[in-house]
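Q: I need the structure of the sequence given here:
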Amino acid sequence: MSGAVGHTGHDHHDHSHDDHGHHAHDRPHRHGHDHGQHHGHAHGSGNERRLIWAVVLIGVFMLVEVAGGILAHSLALLADAGHMLTDTASLMLALFALRVGRRPADEVYSYGRQRYEVLAAFVNGLVLLALSLWIMFESVHRLLAPPVVQGRVLLLVAGLGVLANLAVFLVLREGHDNLNMRSAMLHVLGDLLASVAAMAAGAVIIFTGWMPIDPLLSALVSLLILRGGWRVTRESAHILLEGTPPGIDVAEVSADVLAQVPGVSGVHHLHVWSLTDSRPMMTLHAVLQEGTDQDAALAAIQARLRERFGVVHATVQLERGGCVAADEHCHDHVAAGQEDGHAH
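A: A predicted model of the protein is given here:
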């Protein structure tokens, strides 16, 4: 039987070359090329500048909060300073991943290194989870034996922290949206909330002298950090484990191609995953009816996947005949013995 493999890229134009990996009577491969790479680099360089500014601002003010926390005996300030320390490391990791991710594909990393950004987001998520648990533990300890907190120092340093974190948050918010940048923003947002809570604790201590407010508000902030950290960790782990991207249903893709592409009688071995949170990938085998033009069918399948499901990189294997009857995504119209010869 005849086979063809098609690849779509980030543009809508395909360029053909001879396929040396199949028999001579097979159709050629089709590769789409990414003409959006320069645009992606522009976003990447902008995000890089934002991350550099964020690292500098967070790192400098972290030292201020450490000094203020020690001077005021405040868990809220020390927790915020500890969060800023992890923020500095996490932002530097995000910056490293961004730079490495821009390197072109090579023989070692044929898809490129953009997954580093997902890995950085996963590590940052784990750090957020660990940090929130530490703050919660320390809050319980301080509730049992509340120390004397210097309210005025706490209020002053926390107020400066709000301004610093707000500036960093606004800088990062203008960045291109991806999982790596969102994880960085969550770190800074956690810092901002911690600074606001510390300000509130300082005001309560100044006016009422009630010391337990410091660990109580710290515990509240830790719950908010825990929620954000869990979300980032879950999303990045889903990508790293090759999970199906949100919004794409495998059964729906199969049924849609069968219904919308003329000449397709079966779809099987369909796999969908993500290279990053914004780059879904797909492979599938499509069985064609006798007499169907392979080039037209390949172009139609690729266009449908791109327009309906947003998949701009798909590898499509065309077959004539039947497919494996046991495959739930295969509509078998001919004997299963007429497979394409690939080992599955």
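Q: after the longest helix anywhere in the chain, which helix or strand is next?
A: Taking DSSP state H as the criterion, the chain has its longest helix at helix 37-72. On the C-terminal side of helix 37-72, the closest following helix or strand by DSSP states H and E is helix 75-101.
Q: quick one: average confidence on that following helix?
A: Across helix 75-101, pLDDT averages out at 77.
Q: helices and strands around that helix, which ones?
A: With contacts defined as 3 or more Cβ pairs under 8 Å, 6 or more residues apart in numbering; DSSP states H and E, the packing partners of helix 75-101 are helix 37-72, helix 115-144, helix 151-173, helix 179-208, helix 213-240. To be clear about C-beta, it is placed using only N, CA and C from the backbone, and glycine gets the same treatment.
Q: returning to what we had before: so how far is the longest helix of the chain from its chain's centroid?
A: How far helix 37-72 lies from its chain's middle: 20 Å, per Cα atoms, centre = their mean, to the nearest Å.
Q: what average pLDDT does that helix get?
A: Helix 37-72 comes out at a mean pLDDT of 74.
Q: make residue 1 into 4 and carry on from there
A: Let's use 4 as the start, then, which means that last one is helix 40-75.
Q: and the angle for that helix with helix 182-211?
A: Relative orientation of helix 40-75 and helix 182-211, computed by axes from the mean of the first three to the mean of the last three Cα atoms, to 10 degrees: 20 degrees.
Q: if we can go back for a sec, pick the most buried one from the helices and strands packed on helix 78-104.
A: For the helices and strands packed on helix 78-104, the largest average neighbour count (mean count of other Cβ atoms under 10 Å) is found in helix 182-211, namely a mean of 23.
Q: state the distance from the residue lying closest to residue 227 once chain neighbours are set aside to residue 177.
A: Nearest residue to residue 227, sequence neighbours excluded (Cβ to Cβ, 6 or more residues apart in numbering): residue 196, at 5.6 Å. Using Cβ to Cβ, to the nearest Å, one gets 20 Å for the distance from residue 196 to residue 177.
Q: kindly report the same for residue 78.
A: 33 Å.
Q: so the two - more neighbours on which side?
A: For the pair residue 78 and residue 177, the greater number of neighbours falls to residue 78 (27 against 9), based on other Cβ atoms under 10 Å.
Q: domain ranges for this protein?
A: 7-38+247-323, 40-243 (automatic domain parsing).
Q: need the least confident one among the ones you listed, by mean pLDDT.
A: Lowest mean pLDDT within the domains of the chain: domain 7-38+247-323, a mean of 77.
Q: ok so, going back, was I right to think the residue nearest to residue 227 contacts residue 224?
A: Yes. Applying Cβ atoms under 8 Å, one finds residue 196 in contact with residue 224, separated by 5.2 Å.
Q: for the residue nearest to residue 227, give me its contacts.
A: Residue 196 makes contact with 224, 227, 228, according to Cβ atoms under 8 Å, 6 or more residues apart in numbering.
Q: in this structure residue 77 contacts residue 201, no?
A: Yes. Contact criterion Cβ under 8 Å: residue 77 and residue 201 qualify, at 6.8 Å.
Q: identify the contacts common to the two.
A: In contact with both residue 77 and residue 201: 157, 217, using Cβ under 8 Å, 6+ apart.
Q: residue 285 versus the nearest residue to residue 293 once chain neighbours are set aside, what's the distance?
A: Distances taken as Cβ to Cβ, 6+ apart put residue 323 closest to residue 293, at 6.6 Å, once the chain neighbours are dropped. Between residue 323 and residue 285 the computed distance is 21 Å (Cβ to Cβ).
Q: next: residue 220.
A: Distance from residue 220 to residue 285, by Cβ to Cβ: 47 Å.
Q: using CSV, write down the CA coordinates of stretch 84-97.
A: Output of stretch 84-97 as CSV, limited to C-alpha atoms (Å, rounded to 0.1, in the frame of the first residue of the first chain):
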residue,chain,number,x,y,z
ALA,A,84,11.9,37.7,53.0
GLY,A,85,12.2,33.9,52.7
HIS,A,86,9.6,34.0,49.9
MET,A,87,11.6,36.7,48.2
LEU,A,88,14.8,34.5,48.4
THR,A,89,13.0,31.7,46.6
ASP,A,90,11.6,34.3,44.2
THR,A,91,15.0,35.5,43.3
ALA,A,92,16.2,31.9,42.7
SER,A,93,12.9,31.1,40.8
LEU,A,94,13.1,34.2,38.6
MET,A,95,16.7,33.4,37.8
LEU,A,96,15.6,29.8,36.9
ALA,A,97,12.8,31.2,34.7
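Q: end to end, how far does stretch 260-269 reach?
A: Start-to-end span of stretch 260-269 (Cα to Cα, to the nearest Å) is 9 Å.
Q: show me what counts as buried in that stretch.
A: 260, 261, 264, 266, 267, 268, 269 (16 or more other Cβ atoms under 10 Å).
Q: secondary structure element for residue 150?
A: Here residue 150, judged by DSSP H and E, is contained in no helix and no strand.
Q: what sits against it?
A: Here residue 150 is in contact with 76, 214 (Cβ under 8 Å, 6+ apart).
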